[in-house]
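Turn this into a model:
(one chain, ligands or ions: 1)
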Amino acid sequence: MCGIVGAVALRNVVPILLEGLKRLEYRGYDSAGLVVVDDGHLTRVRSTGRVADLTERSATTTGYTGIAHTRWATHGIPSERNAHPHVSKGQIAVVHNGIIENYEVLRSTLTAAGYPFSSDTDTEVIAHLIHRHYARGNSLLVATRAALAELVGAYAIGVIASDCPDQIICARRGSPLLLGVGVAENFIASDVSALLQVTRQIVYLEEGDVVELTHQAYQIYDKQGNQVERAVQTSELSNESVELGLYQHYMQKEIHEQPQALANTLESVCNSQSLVPGIFGAEAAATFADIDSILILACGTSYHAGLVARYWLEDLAGIRCNVEVASEYRYRSSVPNPKQLIVVISQSGETADTQAALNHAKALGQPHTLAICNVPESALVRLSKLRLLTRAGPEIGVASTKAFTTQLAALFLLTLVLAKSRDRLSVRQEQQYLQELRHLPAAAQKVLDLEPLIATLATQFADKQHALFLGRGLHYPIAMEGALKLKEISYIHAEAYPAGELKHGPLALVDKDMPVISIAPNDALLEKLKSNLQEVRARGGELYVFADADTHIHEVDGIHIMQMPEHAGYLSPILHTIPLQLLAYYVALQKGTDVDKPRNLAKSVTVE
Ligand code: G6P
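Coordinates of the predicted model:
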């Protein structure tokens, strides 16, 4: 979603802003822009194209202080006039992430006060509001604070003024923002990856913080207006981890990084001889002893991880588990249970609905909370009592891949720890599962060998309009994830069904133009699944079966078999995800879509 970069330095900051925007492209955007202070004037460049286009357009732009933005449209269509930065009276420029809820009222007041609006955005009210306070003789800091006090909603903002050549004001409430500390230069950004080019010294801002930066120093004020110190942390993100290297797309790179990502996520556990609740935090043992059920809240791919976990948790740990889409839970009346463990799952830790759902759950009097997240400093991690960090490394492709499989690994650990704490795991079983987890990265690596086969198979999908994914039990959510991947990046309409539901509707759709993709692990439901597949074949449907080696489903006319290297028992969903990711990727390549930045989608959905 929208991204912010800002820099105040003793050198031209335009290349820094552009490189930062490039590194934020993955968040998803539809327009981009920047503004610099140049000799007492604001010079603004905007584009509805890619950052590369903005780079061309700003070839002659220079300035020592500037702010820049990638926009993902919420109020107003994607267009140059709606692109940020927004400027008031040629004097104040603002970039903003988030949503201002009372912008209509403010817009009428400001229009009546003589402020002409040149965009349809909610952001423009911020620029005019700051200008109004600034024109009354306040400093830029005071004017910004006064403007923020009038806003209802969520924001991260960066502000500059034409007559403040060495100053940026920034603030956050409800949207992420951090500072980068350099040598005689300072920066702001929505996420660390934008700043690795210039610094690793990072200050994560807290809710309500307002900051004044010059090239030499920065002062942070908390929501009460008190000057505060916030720790400077050294980011351990490597530059390579956000670079494409030899791969054609980030999605391809991230699919291939899964063995390592799984190994990293499981490292501490696999190196030990037994599982302990402490991996979820100091209070985990006491919390787990007090809970009687689990509620998992998440969005998108992370929600699918939760759906898999429900099968594990009820089966192995014998604990009741519900899974709900965060945007539904936050707005419905539910019956709170203070003994329920609320588990939020999120790659980014920023997703607005998941964050709101967590806050809602807490407000209902449910104190036991656990975040499974890939970003250590994120809001969700900070808001939860317990946490388990997936260590997938930065995920740039909008379609989530390695974040998902590492979430599954983390959720399997949760299952085992809870099973153990409820005396449902013998020492022998514990050792056996630990051994299977140790083997998981190597098993994932073997699945990647299917890539050339899947690339060939994908050619048969490129002209299709629809696809049906079938799975049963643990693999039904994997069918859902496969369908989501295909629709996200190839724009082929795809649906997933539990195979047992086939006869209750979707069978009516099956004909030779509707490919049916089935996940057929060698588990207890295999024979039932085989009957479902016969039902498809009998209607002339073309079947693509991802089968384990010993399932004895044979390749005949109309049935294409992709043989998985081995059956992984309870961990099978993790391995079966990988070929479906590859399938979506190669179909998208065939169709020539923008794989890493699919149309209309964003990586971090920081607005409702
Ligand atoms: C967006 C992304 C998805 C992701 C979902 C939830 O829709 O495009 O890939 O699964 O948000 O994001 P989270 O960061 O909370 O896992």
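
CA only for contacts and neighbour counts going forward, please
Will do.

Okay, now stretch 251-263: how far is its last residue from its first?
19 Å (Cα to Cα, to the nearest Å).

what residues does that stretch touch?
By Cα atoms under 8 Å, 6 or more residues apart in numbering, the residues outside stretch 251-263 that reach it are 244, 247, 391-393, 395-402, 405-406, 409, 438, 440-442, 444-445, 448, 578, 581-582, 585, 595-596.

show me where pLDDT drops low in the protein?
For the chain, applying pLDDT under 70 flags the ranges 1, 525.

quick check: longest helix of it.
helix 427-448 (DSSP state H).

and that helix, how far from the chain's centre?
27 Å (Cα atoms, centre = their mean, to the nearest Å).

So for the following helix or strand past it, what gets flagged as buried?
Per DSSP states H and E, the first helix or strand lying C-terminal to helix 427-448 is helix 451-458. Using 16 or more other Cα atoms under 10 Å as the test for burial, helix 451-458 gives I454, A455, L457, A458.

same deal with stretch 364-377?
Buried, per 16+ other Cα under 10 Å, within stretch 364-377: Q366, P367, H368, T369, L370, A371, I372, C373, N374, V375, P376.

Skipping its backbone neighbours, what lies nearest the third one in space?
Same thing as H368. L341 (5.0 Å; Cα to Cα, 6 or more residues apart in numbering).

so what's that neighbour bridging to?
Beta-bridge pairing for L341 (DSSP bridges): I294.

Walk me through the domains of this structure.
Taking automatic domain parsing as the reference, the chain has its domains at 2-242, 250-425, 450-591.

Please tabulate the ones you listed in TSV, including the columns distance to K603.
Below are those laid out as TSV (distance: least, Cα to Cα, whole Å):
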stretch	distance to K603
domain 2-242	4
domain 250-425	5
domain 450-591	12
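
quick one, which of those is nearest to L434?
domain 250-425 (6.3 Å; Cα to Cα).

anything in that closest one near the ligand?
Yes. Under the criterion of Cα under 6 Å from any ligand atom, the ligand is reached by domain 250-425 at C299, G300, T301, S302, S346, Q347, S348, G349, T351, V398, A399, S400.

Surely the first one and T354 touch.
To tie it back to what came earlier, the one meant is C299. Yes. Look at C299 against T354 with Cα atoms under 8 Å: they come within range, at 6.8 Å.

Common neighbours of these two, please.
Joint contacts of C299 and T354 (Cα under 8 Å, 6+ apart) are A326, S327, S346.

Sort out for me which of those residues are in strands.
Applying DSSP state E to these, the entries found in strands are S346.

quick one on the thing from earlier: most widely separated two among the residues of domain 250-425 next to the ligand?
Every pair of these checked by Cα to Cα; the farthest is G349 and A399, at 15.8 Å.

So these two - more neighbours on which side?
Higher neighbour count among G349 and A399: A399, with 30 against 26, using other Cα atoms under 10 Å.

For the residue nearest to V87 when sequence neighbours are not counted, grab the count of nearby residues.
Spatial nearest neighbour of V87, chain neighbours left out: A93 (4.3 Å); criterion: Cα to Cα, 6+ apart. Using other Cα under 10 Å, A93 has 31 neighbouring residues.

SS state for E488?
helix (DSSP: H, G, I helix; E, B strand; the rest coil).

Distance-wise, check it relative to L601.
With Cα to Cα as the criterion, E488 and L601 are 8 Å apart.

same deal with A282?
According to Cα to Cα, A282 and L601 sit 37 Å apart.

can you check A309 too?
As judged by Cα to Cα, A309 and L601 stand 26 Å apart.

cool, D550 as well?
Taking Cα to Cα, one finds D550 at 39 Å from L601.

quick one: which of the two has more around it?
Using other Cα under 10 Å, the more surrounded residue of D550 and L601 is L601, with 18 against 13.

Without its sequence neighbours, what residue ends up closest to that one?
Among residues not flanking L601 along the chain, G28 sits closest, at 6.2 Å (Cα to Cα, 6+ apart).

correct me, but that neighbour touches K603?
Yes. G28 lies in contact with K603 (Cα under 8 Å); the separation is 5.7 Å.

Surely V159 touches I168?
Yes. Counting by Cα under 8 Å, I168 is a contact partner of V159 at 5.7 Å.

near the ligand, which residues of this protein?
For the chain, the residues found near the ligand under the criterion Cα under 6 Å from any ligand atom are 299-302, 346-349, 351, 398-400, 602-605.

Mind giving me the PyMOL select for these, buried ones only?
Selection of buried members from the residues of the chain next to the ligand for PyMOL, criterion 16+ other Cα under 10 Å:
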select buried, resi 299+301+302+346+347+348+349+351+398+399+400+602+603+604+605
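
Report the closest residue of the stretch 501-608 of the chain relative to the ligand.
Taking Cα to the nearest ligand atom, the ligand has its nearest neighbour within the stretch 501-608 of the chain at K603, 4.2 Å off.

Now for that residue: which residues touch it?
Applying Cα under 8 Å, 6+ apart, the residues near K603 are M1, Y26, R27, G28, I396, G397, V398, A399.

Swap in 10 Å and give it another go.
Going by Cα atoms under 10 Å, 6 or more residues apart in numbering, K603 touches 1-2, 24-29, 347-348, 351, 395-400, 596-597.

Same check on D463?
I492, D513, V587, Q590, K591.

among the residues you listed, who's most crowded?
Most surrounded of the contacts of D463: other Cα under 10 Å gives V587, at 28 neighbours.

which ones are touching it?
454-464, 486, 489-492, 593, 595.

for the residue of the stretch 501-608 of the chain closest to the ligand, phi and psi?
phi -70, psi -50 (degrees, to the nearest 10).

Repeat that for the one 4 residues further on.
When quoted as degrees, to the nearest 10, the phi and psi of V607 stand at phi -120, psi 160.

Would you agree A284 is in contact with V276?
Yes. Using Cα atoms under 10 Å, A284 is in contact with V276, at 9.2 Å.

Can you report how many residues lie near the residue found closest to V510 once you drop the neighbours it is linked to in the chain?
Nearest residue to V510, sequence neighbours excluded (Cα to Cα, 6+ apart): G541, at 5.6 Å. Here the number of neighbours of G541 (other Cα under 10 Å) works out to 22.
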